[in-house]
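# Compute the structure for the input listed below.
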Amino acid sequence: MLRVRICLIIFLGVGSTSFSAAASQNQNSSDQAETSNPEAHDAFQKGWDHYRRETPADFGKAASYFEQAIQLDPDYARAHTAITAVYWNSAWRSWAEPFEMSTIEMLVQSREYLKLALQSPSALTHQIASEMAAYSQRRPVKALAEAETAISLDANDPAGHLAMANALLKAKKPAEAITSMQQAMRLDPQYPSSYLTRLGRAQFALGQYAEAATTLKSSTDLNPKDDRAFVYLIAVYGHLGRNADATSTADSVNKLRSSLRWGDLTIEEINRWRWASERKRLKEGLTLAGVKSGFDWYSRVTGSGNDIEIDGASVIGIEQAKKLHDAGVPFIDFSTIGTGQKSILSTHKLRWGREKDMGPREFNLIRLKEVATKAGGMVVYHPNGSNKRWGALAAAYAAELGFENVYYLEASLDDWKKAGYPVDSGK
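The predicted structure is shown next:
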């Protein structure tokens, strides 16, 4: 019986790309989160096998198995914790497609599962809470407190030390973050690539570029699906003046992004990485490496309010938009770009991120070509009338990408509906 229990403890450590952890050596902590249902245990194991592979597709499969485990045992705390990590980690990485839900929906799911996990918390549970505080809420003090709680629950679980490393990075204490990362790596000798990515980030923040290059290259070799590690490696090469390595690495990350149907990496995207405390140094390195700014098309939009003008696109009203709609011209709801919608929507929720994230990842040539042809025309709009400029910028970006006959509908969804025009509510 003792051997069986020890085996269960060894197997049931939980983690992810950001929350990966070896098994806890604390038997009491493991007991609190365990299940007596063998089928639930088996589903968890299958999910965990996918979870450790750290790719978008494997995260999607892991979530399905963890959900199955929870259905079999609603009180299975470890399953609640693991699926929290899956949804949260996928949300902040924009790995939305495997889940067929928006980033916002994944964030909501992660918070709901976290509430359940906190009823029987483990070190990993508080690690997730710590990372949510650091990334979403940008509260390093709370992040540090949650990390301390994780370590106090079980100092032999790498989860707490991972949380501490991340919180220290957010608090701009990279040297201390390295110490925490090294402790986590000692506790989990079979650590995944995410450990190396975080260690490389801390080295990068300290200006230890040679060390960071070695660490991050090891991370990308271990997991060639980790786009964030590639981005940091490009910046490191930029700071080191290793131009050939920077170019080849940029080619690799852009191929990866293309497979995810994202646009090429630009400096503009890094401006939205608010979780990255070393963002200024990162942008400097990417610029030195020759990564494009992605800002040039902003100048196409001039004016404001009802006087917006767009170089390469036409600003239109309801009546002209209706004629284009009747002619079969695709309508692109800027807040749901990439979903393949071709007419005004009423109930579709955000799919690829927040409304303002219309840059090179969500609103790009690959996705636009899925719903429109270069010469066939498109109508770009934003359903919220108060966000007119974002819709105008999206139309300008489409024009920058070479699309012709681009129209910007400045009216809101409510204006369209008040005119009595059709609304497509399906996907």
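# quick check, Ser110 in a strand?
No: applying DSSP: H, G, I helix; E, B strand; the rest coil, one finds Ser110 to be helix, outside a strand.
# So it sits against Ala82, correct?
No: using Cβ atoms under 8 Å, Ser110 is not in contact with Ala82; the gap is 11.3 Å. Any C-beta I mention is one placed from the backbone N, CA and C, and that applies to glycine too.
# Identify the residues contacting the stretch of helix or strand Ala250 belongs to?
Using DSSP states H and E, Ala250 sits within helix 243-259. Helix 243-259 is contacted from outside by 220, 224-225, 227, 230-231, 233-234, 237-238, 263-265, 288-291, 361, 366, using Cβ atoms under 8 Å, 6 or more residues apart in numbering.
# Tell me the buried residues in it?
The neighbour-count check on helix 243-259 (16 or more other Cβ atoms under 10 Å) flags 245-246, 249-250, 252-254, 256-257 as buried.
# ok, which stretches of the chain are strands?
Assigned by DSSP state E, the strands in the chain fall at 301-302, 309-310, 313-316, 331-333, 378-381, 406-409.
# Give me the residues contacting the second one.
Strand 309-310 has contacts (Cβ under 8 Å, 6+ apart) with 300-303, 315, 392, 395-396, 399, 406, 408.
# So for stretch 212-222, what gets flagged as buried?
Across stretch 212-222, burial judged by 16+ other Cβ under 10 Å covers 212-213, 215-220, 222.
# same check, this time on stretch 63-79
Result for stretch 63-79 [16+ other Cβ under 10 Å]: buried residues 63-70, 72-73, 76-79.
# is it possible to export those to a markdown table including pLDDT and distance to Glu34?
Formatted as a markdown table, those follow (pLDDT from 0 to 100; distance: Cβ to Cβ, whole Å):
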| residue | pLDDT | distance to Glu34 |
| --- | --- | --- |
| Ala63 | 94 | 21 |
| Ser64 | 94 | 21 |
| Tyr65 | 96 | 17 |
| Phe66 | 95 | 15 |
| Glu67 | 94 | 18 |
| Gln68 | 96 | 17 |
| Ala69 | 95 | 12 |
| Ile70 | 94 | 14 |
| Leu72 | 96 | 13 |
| Asp73 | 94 | 10 |
| Tyr76 | 89 | 8 |
| Ala77 | 85 | 8 |
| Arg78 | 85 | 7 |
| Ala79 | 91 | 10 |
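# So which of those residues sit within helices?
Judged by DSSP state H, helices contain the following of these: 63-70, 72, 77-79.
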